[in-house]
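Trainee: With the sequence up front, the predicted model follows.
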Amino acid sequence: MGLLVVGSIAFDSVKTPFGEAEEVLGGSATYFSVSASYFTDVSLVAVVGEDFPEKHINFLKMRNIDTKGLERKKGRTFRWKGQYGYDLNEAHTLNTELNVFEHFKPQLPEEYKEAEVVFLANIDPDLQRDVLEQVKNPKIVAADTMNFWIEGKKDSLLKTLKMVDILIINDGEARQLAGEPNLIKAARQILSYGPKTLIIKRGEYGVLMFNGRSIFSAPAYPLENVFDPTGAGDTFAGGFMGYLANTMDFSEPAMRRATVMGSVMASFNVEDFSLNKIRHLEYHEIESRYREFKRLSHFEDI
Ligand code: AMP
């Protein structure tokens, strides 16, 4: 059994200084599953409304993503509207319409309950726990969240964090969650909430991984053309967790490699709107960018 993910499937409307996209395929679970599907089998738990086109579901199936846990409910699909200024590191949410998520009660298909690797993508922390409680014996559980839930459902989120091994969030969220502007102090505070590993995504400044006392820093790929950062975080998490599920090695060195694999996938995603770039990657493109990452921060000692 590969990797189980619960999260949002959305229609996103996004504006960046370089263009805009209306009601395109998005959502935390969508970016995550497509990215992870390059490394492992993915089982998806999510909900869409009656307005969700079959072609998007067929695309997920074409990537070998198991959609038995994808429910279609009466009503409209989740919608998110966001905008970025020239600082592409920060998304400004203009509107969030929960729609079918509002009354979603995830029911895992029997075989999903055997999942060993679980990712709770950005979604209501109550739903994250609903799913996790149905998984019999997970070996590793990771989660994401965002300001919307830190502001609106902090107590529930803290309950979820007690059940999580790895938390993957961005720097703004880490500062907000800990109530601490210094990232190193914020990381220490967040590790006291439950997770053993904390990954802080810093957009164009790369990623920091905190594992007990050790800190690992991975750069972001120096891209000349960044069009749309939407989904970069979920695509990172998909590459990271997909790599771990593929190797089933959860040691510190393996997590360092997974961090770089996540950064590779995220670097592809920001090169185009929606999932346009990560829809059809060739595995050799992924490998070659992974090698470039290695060269990027390698230096010879004297
Ligand atoms: P990221 O840029 O990786 O942080 O994630 C962007 C994705 O998160 C978008 O495709 C949105 O549809 C989705 N999203 C935005 N707000 C929420 C929310 N409150 N709950 C779940 N998913 C969301």
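Mentor: Right, received. Where do you want to start?

Trainee: Quick one: neighbours of residue 283, just the number.
Mentor: 9 (other C-beta atoms under 10 Å). Placement of C-beta: from N, CA and C, glycine included.

Trainee: Residue numbering should commence at 762 henceforth.
Mentor: Done: numbering now begins at 762, and the last item shifts to residue 1044.

Trainee: Excluding residues flanking it in the chain, which one is nearest it?
Mentor: Distances taken as C-beta to C-beta, 6 or more residues apart in numbering place residue 799 nearest to residue 1044, at 6.7 Å, with adjacent residues excluded.

Trainee: do you know how far that neighbour is from residue 903?
Mentor: Noted for residue 799: a distance of 17 Å to residue 903, by C-beta to C-beta, to the nearest Å.

Trainee: Please report how far residue 1042 lies from residue 821.
Mentor: For residue 1042, the distance to residue 821 - C-beta to C-beta - is 15 Å.

Trainee: how about the residue of the stretch 862-1011 of the chain found nearest the ligand, what does it touch?
Mentor: Here the residue of the stretch 862-1011 of the chain nearest the ligand is residue 994; by C-beta to the nearest ligand atom that distance is 3.1 Å. Going by C-beta atoms under 8 Å, 6 or more residues apart in numbering, residue 994 touches 883, 905, 929-931, 962, 1027.

Trainee: Quick check: phi and psi on it?
Mentor: phi -60, psi -40 (degrees, to the nearest 10).

Trainee: Let me know the distance separating it from residue 1028.
Mentor: 13 Å.

Trainee: still on that earlier bit, from the contacts of residue 994, which land in strands?
Mentor: Using DSSP state E, the members of the contacts of residue 994 that fall in strands are 929-931, 962.

Trainee: Residue 955 should be in a strand, yeah?
Mentor: No - applying DSSP: H, G, I helix; E, B strand; the rest coil, one finds residue 955 to be coil, outside a strand.

Trainee: What values do phi and psi take at the residue at minimal distance from the centre of the chain?
Mentor: What sits nearest the mean C-alpha location of the chain, by C-alpha atoms, centre = their mean, is residue 995, with 2.3 Å. Residue 995 adopts backbone torsions of phi -70, psi -40, taken as degrees, to the nearest 10.

Trainee: Not counting residues beside it along the chain, what's closest to it?
Mentor: residue 792 (3.6 Å).

Trainee: That neighbour reaches residue 997, doesn't it?
Mentor: No - taking contacts as C-beta atoms under 8 Å, residue 792 lies outside contact range of residue 997: 9.1 Å.

Trainee: quick one: low-confidence parts of the chain?
Mentor: 762 (pLDDT under 70).

Trainee: mind listing the strands in it by residue range?
Mentor: Secondary structure of the chain by DSSP E: the strands cover 764-767, 771-777, 780-787, 803-809, 826-833, 839-845, 852-858, 878-881, 901-904, 927-931, 958-962, 968-972, 975-979.

Trainee: Turn these into TSV, including mean neighbour count.
Mentor: Formatted as TSV, the strands of the chain follow (neighbours: other C-beta atoms under 10 Å):
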stretch	mean neighbour count
strand 764-767	30
strand 771-777	22
strand 780-787	17
strand 803-809	27
strand 826-833	18
strand 839-845	20
strand 852-858	14
strand 878-881	28
strand 901-904	23
strand 927-931	26
strand 958-962	25
strand 968-972	21
strand 975-979	16
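
Trainee: For residue 948, give its distance to residue 891.
Mentor: Distance from residue 948 to residue 891, by C-beta to C-beta: 28 Å.

Trainee: Which one's more surrounded, those two?
Mentor: Set residue 948 next to residue 891 and count neighbours by other C-beta under 10 Å: residue 948 wins out with 21 against 18.

Trainee: give me the beta-bridge partners of the nearest residue to the more buried one once chain neighbours are set aside?
Mentor: Excluding the flanking residues, the one nearest residue 948 by C-beta to C-beta, 6+ apart is residue 971, at 4.4 Å. Under the criterion DSSP bridges, residue 971 forms beta bridges with residue 959, residue 976.

Trainee: Pull the contacting residues for residue 971.
Mentor: Going by C-beta under 8 Å, 6+ apart, residue 971 touches 948-949, 952, 958-961.

Trainee: I'd like the residues you listed written out as TSV, with distance to residue 897 added.
Mentor: Formatted as TSV, those follow (distance: C-beta to C-beta, whole Å):
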residue	distance to residue 897
948	31
949	32
952	27
958	23
959	26
960	26
961	31
